[in-house]
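> Following is a predicted model, sequence given first.
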Number of protein chains: 2
Amino acid sequence: MILVADNLRITTSSVRSALENRDSASIQTVVRQCLDAGADAIDINPGPLTRHPGPAMTFLVDAVQSVSQCPILLDTVNGEAMAAGLSVCEVPAIINGISLQPHKLEQMLPVAAGSDTDIVGYLLYPNGQVPPDASERLKVAVDLVEAVEKRGIDPSRLIIDPVIVPVAWNDGIVQASEVLSVLRHLPDLLGWPIRTIGGLSNLTSGGADRKKRIVLECAYLPMLADAELTMALMDMTHSLTVRIAHACGMLGRNSVFAWEAIS
Amino acid sequence: MILVADNLRITTSSVRSALENRDSASIQTVVRQCLDAGADAIDINPGPLTRHPGPAMTFLVDAVQSVSQCPILLDTVNGEAMAAGLSVCEVPAIINGISLQPHKLEQMLPVAAGSDTDIVGYLLYPNGQVPPDASERLKVAVDLVEAVEKRGIDPSRLIIDPVIVPVAWNDGIVQASEVLSVLRHLPDLLGWPIRTIGGLSNLTSGGADRKKRIVLECAYLPMLADAELTMALMDMTHSLTVRIAHACGMLGRNSVFAWEAIS
């Protein structure tokens, strides 16, 4: 499982302040911490970027790639920011992301068509709502593949996000199980070994107690791993979750077991 | 998931010494620790019991049931010990267990036929070896059900143990994955919601580093939970594993989520 750090997000006050002050050093510190913790890729989530979207995104991409050769996920709904980020990105970039929401398709598909990067595709209804179960998510996946193909984009560039929701939602428990089902059925449905990504931190969103959040993550992550999730978007400061993620990798069918590889 | 303590085993020197000295207090201390840690049942594993098997087992059962009303798993290959244990057990007892090994069938099936307890059935070949994959284990399961039925025993009394092997075995990684597959396929194959049990401690057997053993357990246990393992036989002093087991229960489809229930 590829571990993607979600720590570079605008909702963290230190990241927000570093972006506002164009303080590269603070961004680089976060990135180094994520890499040291075992991150394989960095998600840059600068929020809606209503002011100066292009310069803000290029600042962030430059700050990250100045200390890391890891792939970068450009996590924005702002088409201008996306195009600017892609234009300066010298490491592998991933567009994060598109969904059937008309404004996302309109903003992102032309940008995606003009590049050869991978594209995260969220299984959301056109109105942005989360489908209630696996079967509805799979229908959305088929529609999303069609929408991408219509624009002449190779659907094998898609990395599907089945949308993990907070477990504290009314139907959160059922949704957690439905997401696993989607992961298990997608490859057969689409007919190729589709790659997938899941936002693990979403599961425990709203949970105030860090310790409890981590225990719950640690219970769900191996289930995602067993359902062959390709990429986990997660908080890299949760060191126990990272250790368990690595142990899950060790339990993968194609690995060769060695006690030394368990941390 | 029902948590069964495997802490009362003769391979632990303090348990061995308590059994030799008929020291009830020491046994009761272990049992209380397991219950405090969250055990739902206690496995009594006194080893081969070559000397005085009956009195040894009745001593252990009495020591356990004097401080606990939990179900007791009588974990012995000695038919005399099994019969003696069953005869004094006032709490729900489970015969642990039988397999296609002729001596086990001969020793245990008559004892089982004379009681109405549940019976753990190991998916082992008649020669005692571990089948190499899920498909072979499923064949063994069918044979085991037949063997039980032939003796007039209702096969719904069976709790199937698919046999978790040390991950450090040459094919340990593949076996870990095959066990999950067995758990997923058994109910359809047998045609009823068959209960299952797995010895989690076996997975990390031979691993010297306690911390690494726990991380690996914590990665595998949620996979077992997601494959709907009914009972996990485990070391209850591994508190992180227990917390994650409870979180897995919380993620089960029929639970109602509450942060308060996460420890």
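Structure received. Residues are numbered from 1 along each chain as shown, chains lettered A, B, ... in the order given.
> What is the neighbour count of the nearest residue to A:Gly38 once chain neighbours are set aside?
Once flanking residues are discounted, A:Gly38 sits nearest to A:Val242: 5.0 Å by Cβ to Cβ, 6 or more residues apart in numbering or on different chains. Where you see a C-beta, it was placed from the backbone N, CA and C, and this is true even at glycine. Number of residues near A:Val242 (other Cβ atoms under 10 Å in any protein chain shown) recorded here: 20.
> and the gap between A:Val242 and chain B?
10 Å (Cβ to the nearest Cβ, to the nearest Å).
> Now do that residue, the pLDDT please.
Per-residue pLDDT puts A:Val242 at 97.
> which SS class is A:Ile44?
Classification of A:Ile44 by DSSP: H, G, I helix; E, B strand; the rest coil places it in strand.
> Show me what from the stretch 51-200 of chain A comes close to chain B.
Contact residues, the stretch 51-200 of chain A versus chain B (Cβ under 8 Å from any Cβ of the partner chain): A:167-168, A:172-174, A:176-177, A:180.
> List phi and psi for the nearest residue to A:Ala39 once chain neighbours are set aside.
Excluding the flanking residues, the one nearest A:Ala39 by Cβ to Cβ, 6+ apart is A:Ala5, at 4.0 Å. Per-residue torsions, A:Ala5: phi -70, psi 130 (degrees, to the nearest 10).
> any idea how far the nearest residue to A:Trp192 once chain neighbours are set aside lies from B:Glu260?
Of all residues not flanking A:Trp192 in the chain, A:Ser156 sits nearest, at 6.3 Å (Cβ to Cβ, 6+ apart). Applying Cβ to Cβ, to the nearest Å, the value for A:Ser156 to B:Glu260 is 45 Å.
> in the stretch 1-150 of chain A, what residue is nearest chain B?
Nearest residue of the stretch 1-150 of chain A to chain B (Cβ to the nearest Cβ) works out as A:Met1 at 10.9 Å.
> show me what contacts that residue?
A:224-225, A:229-232, A:245, A:248-249 (Cβ atoms under 8 Å, 6 or more residues apart in numbering or on different chains).
> longest helix of chain A?
helix A:172-190 (DSSP state H).
> List the buried residues for that one?
Buried residues in helix A:172-190, counting neighbours by 16 or more other Cβ atoms under 10 Å in any protein chain shown, are found at A:172-183, A:185-186, A:190.
> what do you get for stretch A:79-96?
Residues of stretch A:79-96 classed as buried by neighbour count (16+ other Cβ under 10 Å): A:79-86, A:89, A:93-96.
> among those residues, which two are most distant?
Maximum pairwise distance among the buried residues of stretch A:79-96 (Cβ to Cβ): 17.9 Å, between A:Glu80 and A:Ile94.
> ranges for the helices of the stretch 1-150 of chain A?
In the stretch 1-150 of chain A, the helices defined using DSSP state H, counting those that start in this stretch lie at A:13-20, A:24-37, A:53-65, A:79-88, A:102-113, A:134-150.
> Reformat these as TSV; add distance to B:Gly121.
TSV is the format used below for those (distance: least, Cβ to Cβ, whole Å):
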stretch	distance to B:Gly121
helix A:13-20	55
helix A:24-37	44
helix A:53-65	55
helix A:79-88	57
helix A:102-113	53
helix A:134-150	33
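> low pLDDT regions in the stretch 51-200 of chain A?
For the stretch 51-200 of chain A, no stretch is flagged by pLDDT under 70.
> now with 90?
Where the stretch 51-200 of chain A drops to pLDDT under 90, the residues are A:51.
> Need the per-residue pLDDT for the most centrally placed residue in chain A.
Chain A has A:Leu233 as the residue nearest its centroid, 4.7 Å off, counting by Cα atoms, centre = their mean. pLDDT, A:Leu233: 98.
> Quick check, A:Trp169 in contact with A:Gln175.
Yes - using Cβ atoms under 8 Å, A:Trp169 makes contact with A:Gln175 at a distance of 6.7 Å.
> For stretch A:186-198, output the C-alpha coordinates as CSV.
Output of stretch A:186-198 as CSV, limited to C-alpha atoms (Å, rounded to 0.1, in the frame of the first residue of the first chain):
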residue,chain,number,x,y,z
LEU,A,186,-14.2,-2.6,-9.0
PRO,A,187,-11.5,-4.6,-10.8
ASP,A,188,-14.0,-7.2,-12.1
LEU,A,189,-16.6,-4.5,-12.9
LEU,A,190,-14.2,-2.4,-14.9
GLY,A,191,-12.2,-5.2,-16.4
TRP,A,192,-8.7,-4.0,-15.4
PRO,A,193,-6.7,-3.8,-12.2
ILE,A,194,-8.0,-0.4,-11.4
ARG,A,195,-5.9,1.5,-8.8
THR,A,196,-7.7,3.0,-5.8
ILE,A,197,-7.2,5.6,-3.1
GLY,A,198,-9.0,6.2,0.3
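> circling back to that earlier point, after the longest helix of chain A, which helix or strand is next?
Using DSSP states H and E, the helix or strand that follows helix A:172-190 in sequence is strand A:195-199.
> Which elements pack onto that following strand?
Applying 3 or more Cβ pairs under 8 Å, 6 or more residues apart in numbering or on different chains; DSSP states H and E, we find strand A:195-199 packed against strand A:158-161, helix A:172-190, strand A:231-234.
> Return the list of strands paired to the first one, each annotated with direction.
Yep, that's strand A:158-161 we're talking about. Strand pairing for strand A:158-161, determined by DSSP bridges: strand A:118-122 (parallel), strand A:195-199 (parallel).
> so can I have a markdown table of these showing mean neighbour count?
Formatted as a markdown table, these follow (neighbours: other Cβ atoms under 10 Å in any protein chain shown):
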| stretch | mean neighbour count |
| --- | --- |
| strand A:118-122 | 25 |
| strand A:195-199 | 24 |
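> quick one: A:Pro193 and A:Ser255, what's the gap?
From A:Pro193 over to A:Ser255 (counting by Cβ to Cβ), the distance is 18 Å.
> That should have said A:Pro53, apologies.
Distance from A:Pro53 to A:Ser255, counting by Cβ to Cβ: 42 Å.
> Compare neighbour counts for those two and give me the winner.
A:Pro53 (21 against 12).
> these two touch, right, that one and A:Ala81?
Yes - using Cβ under 8 Å, A:Pro53 is in contact with A:Ala81, at 3.8 Å.
> re the thing from before, now a ChimeraX select for only the buried ones of the contacts of A:Met1.
To isolate the buried subset of the contacts of A:Met1 in ChimeraX, counting by 16+ other Cβ under 10 Å, use the following:
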select /A:224,225,229,230,231,232,245,248,249
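> And the contacts of A:Met1, which is closest to chain B?
Closest approach between the contacts of A:Met1 and chain B, by Cβ to the nearest Cβ: A:Cys248, at 4.7 Å.
> helices and strands around the stretch of helix or strand that closest one belongs to, which ones?
Assigned by DSSP H and E, A:Cys248 belongs to helix A:239-250. Here helix A:239-250 touches helix A:210-226, strand A:231-234, helix B:210-226, going by 3+ Cβ pairs under 8 Å, 6+ apart.
> So the last one, near chain A or not?
Yes - judged by Cβ under 8 Å from any Cβ, helix B:210-226 comes into contact with chain A through B:212, B:215-216, B:218-223, B:225-226.
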